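> this one's structure only:
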């Protein structure tokens, strides 16, 4: 398989961009009874004994320049969403112990429906389906840290994000419009990059039936995602920029590519029928449409001619995307004095997912010519869950939760040659990656009140996993491989002991084992361009042992928490970047089982309302010592920091409300230097393909003009920090939004 992987890297295969969200702010606050019902279902059935943090709709509207749903998480403790630009379809979540290349180590749900794209474990096609949530319907978001609940699969090693949405009780409607302008200056690229957004919702209740619908459309222009580099300036040209690559070797920056223009539409419908006072049936459907075109810009001109000059390397960052993805979720919930239950099934379908990329050299290739077409049609997943919770008595001395789960994931990637990459039909198949995984699970846990101030939670999860139907085909070289079937079954015990020494204090010690099984993409999906990915069909599950001691003080004005955490992983599945055939300018993503890793640290989180009169303050500081403890394949990695897990992360958000109609917010985010390679050989961080530190300051003002109108003004990255997390990240951006509420 190693020989096959090296051979397949010789041909250009584009990787797939996937779903996106879109956000209009200032949705009216949810009715209290609806919010309480949603929270009750989550708390009584899942009973997660985990440290948590959260944010509600009102705080999102006043404190965050939120354009997309993932923006709402950016100030929560220890979290980082890699959003490279507005409309970015590749926005994975990094947690306190896992980096941006470990998207399968977190779970994201909306009202119990899975948003995580567990077809891979990377920061591309495996990014969460944020677009499954209409931003206007968010009531609140809660984050659970660590794999301490039996209700969640081993993908909860890092964090679980639960998005709770609302349903209307009366006629309601919103219309929101926003604009964003980024000023970007780097190397030879100097642009003002506008983005526009408009969205609306409407909902009403007709007796036992509640209906809700939303639509959002976003048009955006992004900064370059890629730079074209070479060891030396091409002969007979001028205009390159001398720099160094991430290993410190001299390079010439010849131009920019991956400059995306996107038109995206998200449609959402939701219907809930109260069959009885305690039973509700809910359907949620979504349609995501994406039309993306990426272009390139050369800095080179011919000596004496003044004509633009391109090399072959520019074509890899020129592509078009056409996507149509459907999502469906059907659930039934019931509640009573002693017993609550939930049934939920979800389906996500890449109904149409096509990427086109040229094979020829620019500028001629801009008008057509030979290229490739990659289709992911048929890729997707299905999930089903049945959950219940039983309380032993009125005081809930025992609360026993239990459930069953099954999911299937499929990757179906086919690349074809074409004579016209812009509009031509697919020709001969020249590269194929296919396969399936299936996981079934049973779980149970008991929250036992030993004393009025002491609660013990014990539980376990048993999982059966299988990977099958794996196929890799290539015509150059001529290879067709049926990959081996894999199977595993694992048990994950959980335990947590909570003590309330007084009304305002809680001390909780938690332990959890978790098994994260290889994804279908890690096992089978081969990608060769722009960033190559090499799968491994013989991967083993990774096993995590996690512990946390959390001390928290909480009252009516907020909370203060100090957490000590430790995580040891055997056979860690790590996705990392490395050179192909020793060429430091050509990188690939490799997946391997690393013998043992360890991540330990401390997290401090503060959330206070009215800390001073009309002043709210929240923030966090996280220190993580995350390193490779043993790596028999690459001993140089031992003792080095894990990829994309910095030692320090910090956030702070302060809001002043001089009047009830005006709020003024200043926020800052900081991350220390981190690395992209497991052996930390990328010694230069602030360059293309490097991972650097950043300090970003954001500002926002919201004015409630009257009960129906709200105006938001803001600036992100007001200090214009220019940094790289492999890609160049947004520079100073100006935001304005206007929302009308019925």
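Right, received. Where do you want to start? Remember, it's a predicted structure, so these values are computed and weren't measured experimentally. Numbering: from 1, shown residues only.
> what mean pLDDT does the helix or strand hosting residue 464 have?
Using DSSP states H and E, residue 464 sits in strand 454-475. Strand 454-475 carries an average pLDDT of 95.
> elements contacting it?
For strand 454-475, the packing partners by 3 or more CB pairs under 8 Å, 6 or more residues apart in numbering; DSSP states H and E come out as helix 2-8, strand 429-451, strand 478-482, strand 486-502, helix 520-524. Where C-beta positions appear, they are placed from N, C-alpha and C, glycine not excepted.
> Can you list the buried residues in the third one?
Within strand 478-482, no residue qualifies as buried by neighbour count (16 or more other CB atoms under 10 Å).
> still on that earlier bit, deepest of the helices and strands packed on strand 454-475, which one?
Most buried of those by mean neighbour count (mean count of other CB atoms under 10 Å) is helix 520-524; its value is a mean of 28.
> residues in contact with that one?
119-122, 125-126, 409-411, 433-437, 467, 470-472, 483, 486, 533, 535-537, 539, 573, 575, 591 (CB atoms under 8 Å, 6 or more residues apart in numbering).
> chain center to it: distance?
18 Å (CA atoms, centre = their mean, to the nearest Å).
> how close does the residue sitting nearest the centre point of the chain get to residue 108?
For the chain, residue 92 is the residue whose C-alpha lies nearest the centre (CA atoms, centre = their mean; 2.6 Å). As judged by CB to CB, to the nearest Å, residue 92 and residue 108 stand 10 Å apart.
> Now list whatever residues contact both of those two.
Joint contacts of residue 92 and residue 108 (CB under 8 Å, 6+ apart) are residue 128.
> where does the chain have its least confident helix or strand?
helix 32-41 (a mean of 33; mean pLDDT, DSSP states H and E).
> any idea of the mean pLDDT for the longest strand seen in the chain?
In the chain, with assignment by DSSP state E, the single longest strand is strand 583-612. Averaging pLDDT along strand 583-612 yields 85.
> Report the buried residues of that strand.
Buried-residue list, strand 583-612, by 16+ other CB under 10 Å: 584, 587-595, 597-601, 603, 605-608, 611.
> List the buried residues of the helix or strand that comes right after that strand.
Heading C-terminal from strand 583-612, the first helix or strand you meet, by DSSP H and E, is strand 615-630. Buried positions in strand 615-630, judged by neighbour count with 16+ other CB under 10 Å: 616-624, 626-629.
> elements contacting strand 615-630?
Applying 3+ CB pairs under 8 Å, 6+ apart, one finds that strand 615-630 contacts strand 583-612, strand 648-659.
> ok, residue 535 touching residue 519?
No - checked against CB atoms under 8 Å, the pair residue 535 and residue 519 is beyond contact range at 9.7 Å.
> how many other residues sit next to the closest residue to residue 331 other than its chain neighbours?
Leaving out its chain neighbours, the residue that sits closest to residue 331 by CB to CB, 6 or more residues apart in numbering is residue 344, at 3.9 Å. Close neighbours of residue 344, defined as other CB atoms under 10 Å, add up to 20.
> In which helix or strand does residue 344 reside?
strand 339-358.
> who's the residue nearest to residue 331 bridged to?
Beta-bridge partners recorded for residue 344 (DSSP bridges): residue 331, residue 385.
> Now do it against residue 565, distance only.
In terms of CB to CB, residue 344 sits 30 Å off from residue 565.
> and if you look at residue 79?
14 Å.
> Kindly report the same for residue 57.
Remark: distance between residue 57 and residue 565 (CB to CB) = 29 Å.
> Now do the strand holding residue 344: which elements does it pack against?
Strand 339-358 sits against helix 32-41, strand 113-114, strand 319-335, strand 371-375, strand 380-391, with contacts defined as 3+ CB pairs under 8 Å, 6+ apart.
> which non-adjacent residue is nearest residue 354?
Closest residue in space to residue 354, ignoring its immediate chain neighbours: residue 322 at 4.9 Å, by CB to CB, 6+ apart.
> Tell me who's in contact with the one you found.
290, 291, 352, 353, 354.
> Could you export the residues you listed as CSV, including distance to residue 712 and neighbour count?
Below are the contacts of residue 322 laid out as CSV (distance: CB to CB, whole Å; neighbours: other CB atoms under 10 Å):
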residue, distance to residue 712, neighbour count
290, 26, 23
291, 27, 15
352, 35, 14
353, 34, 26
354, 36, 17
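> Quick check: the two most widely separated of those residues?
Using CB to CB, the contacts of residue 322 span at most 12.2 Å, a distance reached by 291 and 353.
> excluding its backbone neighbours, what's nearest residue 299?
Among residues not flanking residue 299 along the chain, residue 188 sits closest, at 3.9 Å (CB to CB, 6+ apart).
> should've said residue 76
residue 53 (5.1 Å).
> count of residues packed around the one you found?
Neighbourhood size, residue 53 [other CB under 10 Å]: 23.
> I'd like the distance between residue 599 and residue 631.
From residue 599 to residue 631 the distance is 15 Å (CB to CB).
> If residue 285 is in a bridge, with which residues?
Beta-bridge partners for residue 285, by DSSP bridges, are residue 269, residue 328.
> Hmm, residue 268 and it touching each other?
Yes - with contact defined as CB under 8 Å, residue 285 reaches residue 268; the gap is 7.3 Å.
> ok, those two, which is more surrounded?
Here residue 285 and residue 268 are compared on neighbour count by other CB under 10 Å; more neighbours surround residue 268, at 24 against 17.
> Now do the same contact list for the more buried one.
Residue 268 neighbours (CB under 8 Å, 6+ apart): 133, 134, 137, 212, 213, 214, 215, 284, 285, 286.
> On the pLDDT front, check the residue lying farthest from the centre of the chain for me.
Of all residues in the chain, residue 304 has its C-alpha farthest from the mean position, at 47.9 Å, by CA atoms, centre = their mean. Residue 304 carries a pLDDT value of 85.
> give me phi/psi at it?
phi 80, psi -10 (degrees, to the nearest 10).
> re the thing from before, give me the distance between the residue nearest to residue 299 and residue 298.
Applying CB to CB, the value for residue 188 to residue 298 is 9 Å.
> Relative to the helix or strand hosting residue 179, what are the paired strands and their orientations?
Secondary structure from DSSP H and E places residue 179 in strand 172-186. Strands that pair with strand 172-186, judged by DSSP bridges, come out as strand 189-206 (antiparallel), strand 733-741 (antiparallel).
> What is the neighbour count of the closest residue to residue 401 other than its chain neighbours?
The shortest distance from residue 401 to any residue other than its chain neighbours is 4.5 Å, reached at residue 389 (CB to CB, 6+ apart). Residues within reach of residue 389, counting by other CB under 10 Å, total 25.
> Identify the residues contacting residue 389.
Residue 389 touches 44, 45, 47, 339, 340, 341, 399, 400, 401, 402, counting by CB under 8 Å, 6+ apart.
> Relative to residue 258, which of these is nearest.
For these, the nearest to residue 258 is residue 45 (43.3 Å; CB to CB).
> Next up, the contacts around that closest one.
Residues near residue 45 by CB under 8 Å, 6+ apart: 151, 340, 341, 342, 387, 388, 389, 401, 403.
> what do you get for residue 104?
116, 118, 120, 121, 126, 155, 516, 519, 573.
> how about low-confidence regions in the stretch 251-400 of the chain?
Along the stretch 251-400 of the chain, the model assigns pLDDT under 70 to no residue.
> what two of the contacts of residue 268 are the furthest from one another?
So, those by CB to CB: farthest apart are 215 and 284, at 14.7 Å.
> More neighbours: those two, which one.
Each of residue 215 and residue 284 has its neighbours counted (other CB under 10 Å); residue 284 has more, 24 against 19.
> so the more buried one makes contact with residue 328?
Yes - distance between residue 284 and residue 328: 7.4 Å, which falls inside the contact criterion (CB under 8 Å).
> which residues does residue 448 form a beta bridge with?
residue 398, residue 456.
> Done for today, thanks.
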